[in-house]
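Undergrad: pasting the structure only:
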């Protein structure tokens, strides 16, 4: 061949080589550009303080994470059950008004919105009341603990005990930035970080050192700082007037384990306004229930599905638009599950429907039990006669709430959630068997009628709430006190600005 | 290079070529040998009749399938719950004696063995009684329907109606070969085949043509000929004295759908001996419950896990040693699930434990309800007073049995099974609320004591069974009638042998 090669062939080879080298140059240039962008994107532009509470400041160094975080301001999404966030849960399900009678949740309970709204929604809910001063209102300071990166800042400044001390309103001018960067990240290394004492202390009591958690565990544990069952312990020795945030995990994470913990200390969150039962409010035991499900069993973390990786401009980063994986199955479910989107979503709803059916039934049985208990009291029942009944109601409603209060229990662990609801039905009905006998003993032979709770307004009227008055007081609080909090916070933050 | 090549180099190349060709020859010979073996293995050695009931005859053409089928004779396996097959379920759980009081299952109920024992175990159980002639005994001919490939043969010979007619003992000499080849296979093409009318007819009533089922569907449907809920319809027009095997699927597969079917026709399998409730016995709704689970949703068939593919001598074939996939996770679970064996088995037991907890609780509540109902009858309750209560007991126990009677419901569809058990607990307790009131009305103020059913013997004595007498009669049947059946069958089969 070499012998036969013609001069034009050599020229062609030469030209082809030129073209190839040119294209190669462009490709390399593109790679270098991406690397430059990456370097730019992750080179600190500003120095961030250890307890910097303003997400915007962190956002200057981490624009992609910040922008995606900022998307939590958009809470519109499609869901079979809840439609948009902020749906009025009491309007949708007036049984809840009865179940929470005597407790703040009977006044106002909306489907939650994104982290971006943590401060706004806490200020607006009727549950936080309408304080007129820093010593006024129904809620303790502890209520702020999950709402803001100002919390670790303030704890650092005044100490944990002083932070937990006093009324919710006493910290109103301090806690102003919504849940964000400093809640989960170390300002220097950007590593995940536990900033809330309750989780650290719960681990300590279990004989575990949270500092030994793996990175994969941390991708769930930062969420578990807040998405858990908790209570306010006001009986700690030497800590008078302090409502200390505590996780009841000493016996384990199961509904029965935590119930045993509360029973042992004779704790109740409130006394039920209708039945007088000593109630436990389940907060949102998301982490605990998740731990019993198959995703946790397989080593999946919260962030894997709720903050899946995303690529932009050649950069892979964690999407901080925390949301239901159903809004984003391609990056969450389908990373592992090779099934069609529609089918995957149907599978989730199928599980949830099966759980909801009995959850709804249990609600009805509990409503009946509360009113049957009221009838007994009205007929002169004694504490001794009522005690075992009220314990059954407490057990039944705790199980319902453990299942219902979480954000995704019926998906995270449908078999466990179903198990707990079954037990709840059993206890609610045990209460009603005892109530049936006691009512007969008191000469009451018929059925206690199911209350008229067709609407939220019906139900709230029935349990004696004056919602218009609560709303008027709230408006006054928003007009009088709230602007002062904001002005004080603004002054402090602009003074600290570099 | 060519110019410099030395003669010894040429010799080396030549020798290397010789070695290569020789090895190639051996490889090809090995491949040919395997193909020959395959040809041998699947070339019919004998002609098989369309209704050939003897598995050994089929085995001559399909030695691997037959040998693996024959392994169902070995029923020893490790399981957290049942240990070896043939465990005495009534001894293990004496509550069952009470739940089935008035029905055959209270006499004798063992954990099932492999298909190989279908005839032997049916003959031996006290449930089939001790007939002394072909017109004697508690069970109808229909009871044989799932036990043998003699069934399609006999249906072909005498017609379906005549097959269903008469006593179980009337077909004792005909039905002698255990479940096997002809139950599921076409003798000519070896294709899967539906041989039982009940499934075909159930599909027809649903407006579906079972002949249009895909091969994948058939890998479950051949099992669904037997592993389903069914009843004996003795009210078909023009079919007097016939207990016609029927699947109650007209409204759907769910517990509620089938219950509605039975309620509409006011059907009950038996009247409960203690409570007098009109009971429905769930048989083994394996297929129905499986259909509601995720494996079915993903297109997995029964055979995929219970008869996974196997390779022997270069031949891939379906392992006919039908068994729990837990005995063989490598070929069943791990084909899809990339998790460790121990973990996968733990995941199965975790699901089953969570379901069993409430299944056991429901059993206890039903036992209580039966005895509380008895107390009401003893105190002179009327049918009118008892009717709603007995319906609640029927509903509660049907749900328990729908969940408990299947072979793998708590794994196949744990969320659905949990849902049904929750509903069962709700109904059992509804019955007990009504019972509490009625007992008070009748002047009974205490608690009806839980019966003494610590052992199977206690429980059987309590419900008035004379098991020694039943056993003695069974021995007489085995000594007198059984040898005649076997002799008659042997004569017929040797006459038909080619």
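TA: Happy to help now that I have it. Model, not experiment: these values are computed from the prediction.
Undergrad: Moving C-terminal from the one helix or strand residue A:358 maps to, which element do we reach first?
TA: Using DSSP states H and E, residue A:358 sits within helix A:341-378. Sequence-wise, the next helix or strand downstream of helix A:341-378 (DSSP H and E) is helix A:383-404.
Undergrad: Name the residues of that next one that are buried.
TA: A:385-386, A:389-404 (16 or more other CB atoms under 10 Å in any protein chain shown). In this view, the C-beta of every residue, glycine as well, is placed from N, C-alpha and C.
Undergrad: what does chain A have sitting close to chain B?
TA: Residues of chain A lying close to chain B by CB under 8 Å from any CB of the partner chain are A:294, A:297-298, A:339, A:343, A:347, A:350-351, A:354-355, A:357-358, A:361, A:365, A:414-416, A:418-419, A:421-423, A:425-426, A:429-430, A:432-433, A:436-437, A:440-441, A:445.
Undergrad: Just the buried ones among those, please.
TA: A:339, A:347, A:350-351, A:354-355, A:358, A:361, A:365, A:414-416, A:418-419, A:421-423, A:425-426, A:429-430, A:432-433, A:436-437, A:440.
Undergrad: taking the mean pLDDT, what do you get for the helix holding residue A:358?
TA: Mean pLDDT, helix A:341-378: 97.
Undergrad: Buried residues in that helix, which are they?
TA: A:344-345, A:347-352, A:354-356, A:358-359, A:361-363, A:365-377.
Undergrad: Kindly report the same for stretch A:456-475.
TA: Applying 16+ other CB under 10 Å to stretch A:456-475 flags A:456, A:459-460, A:462-463, A:465, A:467, A:470, A:473-474 as buried.
Undergrad: which residues of the stretch 201-350 of chain A score low on pLDDT?
TA: By pLDDT under 70, the stretch 201-350 of chain A contains no weakly predicted segment.
Undergrad: all strands of it, in order?
TA: Counting by DSSP state E, counting those that start in this stretch, one finds strands in the stretch 201-350 of chain A at the ranges A:231-233, A:244-246, A:270-271, A:278-279, A:309-312, A:315-318.
Undergrad: Which of those sits closest to residue B:148?
TA: strand A:309-312 (57.9 Å; CB to CB).
Undergrad: Tell me the helices and strands packed up against that closest one.
TA: In this structure, strand A:309-312 makes packing contacts with strand A:315-318, judged by 3 or more CB pairs under 8 Å, 6 or more residues apart in numbering or on different chains; DSSP states H and E.
Undergrad: Now do the strand it packs on: which elements does it pack against?
TA: When contacts are defined as 3+ CB pairs under 8 Å, 6+ apart, strand A:315-318 sits against helix A:7-41, helix A:63-70, strand A:309-312.
Undergrad: Run me through the strand neighbours of the last one, direction for each.
TA: The partner list of strand A:309-312 in its sheet, established with DSSP bridges, is strand A:315-318 (antiparallel).
Undergrad: Return the set of buried residues in the strand it pairs with.
TA: A:317-318.
Undergrad: Likewise for stretch A:186-203?
TA: Neighbour-count burial for stretch A:186-203 [16+ other CB under 10 Å]: A:187, A:190, A:192-203.
Undergrad: cool, and stretch A:244-263?
TA: When burial is assessed from 16+ other CB under 10 Å, stretch A:244-263 yields the following buried residues: A:244-249, A:253-256, A:258-259, A:261-263.
Undergrad: so residue A:194 touches residue A:225, yeah?
TA: Yes. The criterion here is CB atoms under 8 Å, and residue A:194 meets it with residue A:225 at 6.3 Å.
Undergrad: ok, so what distance separates residue A:269 from chain B?
TA: Relative to chain B, residue A:269 is positioned 26 Å away (CB to the nearest CB, to the nearest Å).
Undergrad: residues contacting that residue?
TA: A:103, A:231, A:279-281 (CB atoms under 8 Å, 6 or more residues apart in numbering or on different chains).
Undergrad: Turn those residues into CSV, including neighbour count.
TA: Output for those, formatted as CSV (neighbours: other CB atoms under 10 Å in any protein chain shown):
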residue, neighbour count
A:103, 16
A:231, 22
A:279, 24
A:280, 24
A:281, 17
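Undergrad: of all those residues, which two lie farthest apart?
TA: Top of the distance list for the contacts of residue A:269 (CB to CB): A:103 and A:231, 13.2 Å.
Undergrad: Just give me how far stretch A:233-242 sits from the chain centre.
TA: Stretch A:233-242 sits 26 Å away from the centroid of its parent chain (CA atoms, centre = their mean, to the nearest Å).
Undergrad: Pull out the buried residues from it.
TA: Neighbour-count burial for stretch A:233-242 [16+ other CB under 10 Å]: A:233, A:242.
Undergrad: what's the span of it from first residue to last?
TA: By CA to CA, to the nearest Å, the extent of stretch A:233-242 from end to end equals 8 Å.
Undergrad: What are the contacting residues of it?
TA: With contact meaning CB under 8 Å, 6+ apart, stretch A:233-242 is reached by A:161, A:164-166, A:243-246, A:265.
Undergrad: run the last query once more with 10 Å
TA: Contacts to stretch A:233-242, defined as CB atoms under 10 Å, 6 or more residues apart in numbering or on different chains, come from residues A:140-142, A:160-166, A:198, A:232, A:243-246, A:248, A:265, A:267.
Undergrad: Mind giving me the ChimeraX select for those residues, buried ones only?
TA: To isolate the buried ones among these in ChimeraX, judged by 16+ other CB under 10 Å, type:
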select /A:140,141,142,160,163,164,165,166,198,232,243,244,245,246,248
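Undergrad: can you pull the contacts of residue A:117?
TA: A:72-73, A:75, A:85-86, A:124, A:147, A:178-179.
Undergrad: Check residue A:415 too.
TA: So residue A:415 contacts A:292-294, A:351, A:355, B:350-355, B:410, B:414-415, B:417-418 (CB under 10 Å, 6+ apart).
Undergrad: What of residue A:243?
TA: So residue A:243 contacts A:139-143, A:164-166, A:231-236 (CB under 10 Å, 6+ apart).
Undergrad: ends of stretch A:229-242, how far apart?
TA: The first and final residues of stretch A:229-242 sit 19 Å from each other (CA to CA).
Undergrad: sorry, back to before: show me what the helix holding residue A:358 is packed up against.
TA: helix A:95-99, helix A:383-404, helix A:409-412, helix A:414-441, helix B:294-297, helix B:414-441 (3 or more CB pairs under 10 Å, 6 or more residues apart in numbering or on different chains; DSSP states H and E).
Undergrad: As JSON lines, these with distance to residue B:120 would be great.
TA: Putting the helices and strands packed on helix A:341-378 into JSON lines (distance: least, CB to CB, whole Å) gives the following:
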{"stretch": "helix A:95-99", "distance to residue B:120": "56"}
{"stretch": "helix A:383-404", "distance to residue B:120": "47"}
{"stretch": "helix A:409-412", "distance to residue B:120": "46"}
{"stretch": "helix A:414-441", "distance to residue B:120": "37"}
{"stretch": "helix B:294-297", "distance to residue B:120": "31"}
{"stretch": "helix B:414-441", "distance to residue B:120": "31"}
